[in-house]
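# Below is the sequence, then the predicted model.
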Amino acid sequence: MRKILVIGAAGQIGSELVLELGRRFGDDAVIASDVKDECPEALKDFKYTQIDVLDNKKLRNCVQQEGVTEVYLLAALLSATAEQQPKFAWQLNMDGLFNVLDLAKEGIIKKIFWPSSIAVFGPSTPKNNTPQQTIMEPTTVYGISKQAGEQWCAYYHEKYGVDVRSIRYPGLISHASLPGGGTTDYAVDIFYHAKEHGEYTSFLGEQTALPMMYMEDAIRATIELMEAPGENIQTRTSYNLAGISFTPKDLADAIRKHIPDFGIDYAPDYRQAIAATWPASINDEVAQKEWQWKMKYDLDKMVTTMLENVQPERLFKK
Ligand code: AKB
């Protein structure tokens, strides 16, 4: 029987992934877990267990007692936060991964999803249409941890037959959950400010193009990858997904189609230096070929959906 454990279920991806896994496989097939003591309100129909992924003993007990077959490991520090706490970021991002990989190596669980990121690329990577396999010299702690993690995933697959699958997520955009500590967070923030104040100050510069993706596409990609036949999955590091590439100016222009007076100005901060090292656009032909990946949301569709659904009162007290 399928039993799925989502680690990091209170985060931006986790909170939406749990709901979609529940819709597809039944709420009883999914266990949500997070380092937080309290189960997020949105996940109250699911079994919830508090787990720090660094607590290997508690993680193992949970997996064995509940008969967990698959783990989605989403607990991590993202790019901006990781730069503030480099040692802890490395520990969380790497030891958490090893704790889960070892459960699969020992045959206790059957399958793992682990997210990588466009942060694996660096300043020496080709900036446009970045290929699946290319130069990777990341300059952030987060990027270094993701690149090392990718290699460990491939190693565990090759040496121990571990079925681990991964996506290099672009920046993710959702109205249902808030991002926490990434360089791409402006592309969510902007919608709350556009609706509430009609203006926004971007912490990335006007012409900083980055790959992004609407959350519904990202969740669908994640589950489609996990459900694809194992023999199709020839890439055991992590898959490029192209998403939608745009600059803060492109995004503001798209918002202006709905809010004509929307105003934007630019005050780049330390996150600009991170963004400057990442690709502007990504090539995802390998994902298209190996597991038939196809994106549904372009820039205009994403902006329309965000503006229709975003609830500024979640950020701004009235
Ligand atoms: C971040 O900005 O750190 C993340 C990512 C691209 O992995 N959204």
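Sure thing, it's come through.
# How about the backbone phi and psi for Ser33?
Main-chain torsions, Ser33, degrees, to the nearest 10: phi -140, psi 150.
# same thing with Ile282?
phi -130, psi 140.
# Hmm, it is touching Asn240, no?
Yes: the criterion here is C-beta atoms under 8 Å, and Ile282 meets it with Asn240 at 5.0 Å. The C-beta positions use only the backbone N, C-alpha and C, and glycine is treated the same way.
# Asp45 versus Val30, what's the distance?
10 Å (C-beta to C-beta, to the nearest Å).
# Need the residues touching each of the two.
Gly22 (C-beta atoms under 8 Å, 6 or more residues apart in numbering).
# Pick out whichever of the two has more residues nearby.
Val30 (27 against 14; other C-beta atoms under 10 Å).
# which strand residues sit across from that one in the sheet?
Ile4 (DSSP bridges).
# Confirm for me that it is in contact with Arg24.
No: between Val30 and Arg24 there is no contact under C-beta under 8 Å: 9.3 Å.
# residues near the single nearest residue of the stretch 51-200 of the chain relative to the ligand, how many?
The nearest approach of the stretch 51-200 of the chain to the ligand comes at Gly182, 2.7 Å away (C-beta to the nearest ligand atom). Gly182 has 24 neighbouring residues, counting by other C-beta under 10 Å.
# quick one on the thing from earlier: what about Ile282 and Asn240, which has more around it?
Asn240 (28 against 24).
# Report the contact partners of the nearest residue to Ser33 once chain neighbours are set aside.
Spatially, and ignoring its direct neighbours in sequence, Ser33 is nearest to Ile51 (4.3 Å; C-beta to C-beta, 6 or more residues apart in numbering). Applying C-beta under 8 Å, 6+ apart to Ile51 gives the contacts Ile7, Ser33, Asp34, Val35, Lys58, Leu59, Cys62.
# Let me see the ranges of the strands in the protein.
Per DSSP state E, the chain carries strands over the ranges 4-7, 30-34, 47-50, 70-73, 111-113, 116-117, 163-165, 167-169, 171-173, 199-202, 210-214, 239-240, 244-246, 263-266.
# quick one: strands adjacent to the fifth one?
Partner strands for strand 111-113, per DSSP bridges, with pairing direction: strand 70-73 (parallel), strand 163-165 (parallel).
# just how off-centre is the first one within its chain?
Read that as strand 70-73. 13 Å (C-alpha atoms, centre = their mean, to the nearest Å).
# Buried ones in that strand, by neighbour count?
Across strand 70-73, burial judged by 16 or more other C-beta atoms under 10 Å covers Glu70, Val71, Tyr72, Leu73.
# Run a quick neighbour tally on Gly143.
For Gly143, using other C-beta under 10 Å, the count is 24.
# I'd say Tyr266 and Thr208 touch.
No: Tyr266 lies out of contact with Thr208 (C-beta under 8 Å); the separation is 9.1 Å.
# contacting residues around the closest residue to Asn309 other than its chain neighbours?
Once flanking residues are discounted, Asn309 sits nearest to His175: 3.9 Å by C-beta to C-beta, 6+ apart. Counting by C-beta under 8 Å, 6+ apart, His175 touches Phe191, Thr305, Met306, Asn309, Val310, Gln311.
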